[in-house]
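Undergrad: Give me coordinates for this.
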Amino acid sequence: RLEAAYRFDDRLERLEPVPTPELLELLAAREALVDRIATSEDGLFREYEALADPMRRTALADIRHERRQQVLRRPERLPGATVDLVDLLSEESIDVSKSPGGPGIVDRYRRRHAEALEARFREGLAIDREHAELLVDIGPAWELLETPEDAAAIAEDLRDLDRRRLELDVPMRAINREVLLELRPALSEVDGRRLQRRYQALTYPELFRDEGRFEALLANPTVEAVLDDARRGAVEIVRDETFRDLQRSSLLSMELADALVPVETLPDPLARAEAQMLIGLRLLEVGEQRRSRLDAAARELRNLLPADVAEAAAAIEIFLAEHESLRRAAAFRRERLAEAAAALRALALTPPEPEARPESSADEASVDVLP
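TA: Sure, this is the predicted structure:
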């Protein structure tokens, strides 16, 4: 049924469902298949656990964790929603077995992640089925063939399904954020920072370019060349304290960026644009707080340099000058976004004249608010 149930959309570059009874049959068959796989593999892994050497049970848990993700896989709507911290620990060669409380944190994460993964899959399949049933029922060109009242109700039903799809990813993202906060103090500074940076790179890397510039400054050959062992140790302390201080604001930045995604489903263009602007304002404010902390770290670095090291000092001044430029640009954008949000709020409170507010698509009303 796959060929009949899906087609590839060249414009969107993704598979799109074809609303026919074949699609409904396929979704039902998929759910039944996953049930059969779960029943079979639960028994299989129980046998393995009974037979396995106790020293190998962690490896077995990792295998089962990975297998569950293969079976219950769904496309993500929020960036990084399907990121698995166990995989990241493995990819970064971070061993939690010797970290205080580390193994317990990872075991609890596996259980919570597995429960959220299954709930996401089951609810997602139910949404897919509702969506397919609705499209099969209404048929093509429903926007033109239905009465205006019925067409508006159908459009709201479709938006509601889209919102519910977005909400599927929220618990997964929340679990990852909570466990990152829990793991960071259990790991060494170096390992905790590597894990955080890797997670950020898989979600919203554009939000963390300032941190990348700071890392590049620390790795600058002209800076490294003038550091003796004592100064290099002091620089590591500055680095560790800086990234520890930035962790919570990093996660807040990702939460704000997540909030932009469901805003796109708002039906009213004015409400959609205003919400995007208000979230964008908060993102810019958090970005400025993070930039100020990195500036303070760069000044600490400058104070650690020996006297008469012009090239290394110049590299730090360039870093600070880049931030001043970014700060001026952000201040301008915050002012303009605040003005536009206030104007949209006032416009929304003004009763529109007939034909005064034509419908706009989400793309037309989209606002570029990411830093």
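Undergrad: Tell me the predicted confidence for residue 354.
TA: Here the pLDDT value assigned to residue 354 is 58.
Undergrad: quick one: low-confidence ranges for the stretch 151-300 of the chain?
TA: Within the stretch 151-300 of the chain, no stretch falls below the threshold (pLDDT under 70).
Undergrad: so where do the helices sit in it?
TA: Under the criterion DSSP state H, counting those that start in this stretch, the stretch 151-300 of the chain contains helices at 170-186, 189-201, 209-218, 221-224, 229-263, 269-304.
Undergrad: So for the shortest one, what gets flagged as buried?
TA: Applying a neighbour-count criterion of 16 or more other CB atoms under 10 Å, one finds residue 223 buried in helix 221-224. Yep, even glycine has a C-beta here, placed from its N, CA and C like the rest.
Undergrad: outside of that helix, which residues touch it?
TA: 217, 218, 301, 305, 309, 311, 312, 314, 315, 316 (CB atoms under 8 Å, 6 or more residues apart in numbering).
Undergrad: Now for the fourth one: which residues touch it?
TA: Shown here is residue 305, whose contacts under the criterion CB under 8 Å, 6+ apart are 223, 226, 227, 231, 312, 313, 316.
Undergrad: so the fourth one makes contact with residue 304?
TA: Yes: using CB atoms under 8 Å, residue 231 makes contact with residue 304 at a distance of 5.3 Å.
Undergrad: Which of the two has more residues huddled nearby?
TA: residue 304 (17 against 14; other CB atoms under 10 Å).
Undergrad: wait, that one sits on residue 235?
TA: Yes: at 6.2 Å, residue 304 counts as touching residue 235 under the criterion of CB under 8 Å.
Undergrad: tell me, what's touching those two both at once?
TA: In contact with both residue 304 and residue 235: residue 227, using CB under 8 Å, 6+ apart.
Undergrad: Show me what residue 7 is bridged to.
TA: residue 16 (DSSP bridges).
Undergrad: ok so, going back, distance to residue 5 for the helices of the stretch 151-300 of the chain - can I get that in CSV?
TA: Putting the helices of the stretch 151-300 of the chain into CSV (distance: least, CB to CB, whole Å) gives the following:
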stretch, distance to residue 5
helix 170-186, 26
helix 189-201, 35
helix 209-218, 41
helix 221-224, 57
helix 229-263, 26
helix 269-304, 32
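Undergrad: Compare these and give me the one nearest residue 348.
TA: Among the helices of the stretch 151-300 of the chain, the nearest to residue 348 by CB to CB is helix 269-304 (4.7 Å).
Undergrad: Figure out how far the closest one is from the centre of its chain.
TA: How far helix 269-304 lies from its chain's middle: 18 Å, per CA atoms, centre = their mean, to the nearest Å.
Undergrad: start the count at 705, not 1, going forward
TA: Got it, first residue is 705 now, which makes that one helix 973-1008.
Undergrad: So which bits of that helix are buried?
TA: 973-974, 976-988, 990-992, 994-995, 997-999, 1001-1002, 1004-1006, 1008.
Undergrad: Stretch 715-728 too?
TA: Those would be 723, 726, 727, 728, for stretch 715-728 by 16+ other CB under 10 Å.
Undergrad: What of stretch 754-766?
TA: Buried, per 16+ other CB under 10 Å, within stretch 754-766: 765, 766.
Undergrad: Now do it: distance from first to last residue.
TA: 16 Å (CA to CA, to the nearest Å).
Undergrad: one step back: looking at the helices of the stretch 855-1004 of the chain, spot the one closest to residue 862.
TA: helix 933-967 (14.5 Å).
Undergrad: Can you list phi and psi of residue 778 for me?
TA: Dihedral pair for residue 778: phi -140, psi 150, per degrees, to the nearest 10.
Undergrad: which residues does residue 1018 contact?
TA: residue 926.
Undergrad: Hmm, I typed the wrong one, I wanted residue 710.
TA: 719, 720, 721, 722, 727.
Undergrad: In this structure, which residue sits furthest out from the middle?
TA: Taking CA atoms, centre = their mean as the measure, the residue most remote from the mean C-alpha position of the chain is residue 1012, 44.3 Å away.
Undergrad: Make sure I have this right: that one is in a helix.
TA: No: according to DSSP: H, G, I helix; E, B strand; the rest coil, residue 1012 belongs to no helix; its state is coil.
Undergrad: Pretty sure residue 952 is one of the things residue 993 touches, is it not?
TA: No: using CB under 8 Å, residue 993 is not in contact with residue 952; the gap is 10.6 Å.
Undergrad: Please tell me how far residue 993 sits from residue 928.
TA: 28 Å (CB to CB, to the nearest Å).
Undergrad: in the stretch 705-854 of the chain, which spans are strands?
TA: With DSSP state E, counting those that start in this stretch, the ranges of strands along the stretch 705-854 of the chain come out as 710-713, 718-721.
Undergrad: and the last one, what does it pack onto?
TA: With contacts taken as 3 or more CB pairs under 8 Å, 6 or more residues apart in numbering; DSSP states H and E, strand 718-721 sits against strand 710-713, helix 806-842.
Undergrad: most neighbours per residue, which of those?
TA: Of these, the one with the most neighbours on average (mean count of other CB atoms under 10 Å) is helix 806-842, at a mean of 17.
Undergrad: quick check, nearest of the buried residues of stretch 715-728 to residue 849?
TA: The closest of the buried residues of stretch 715-728, once distances to residue 849 are taken by CB to CB, is residue 723, at 15.0 Å.
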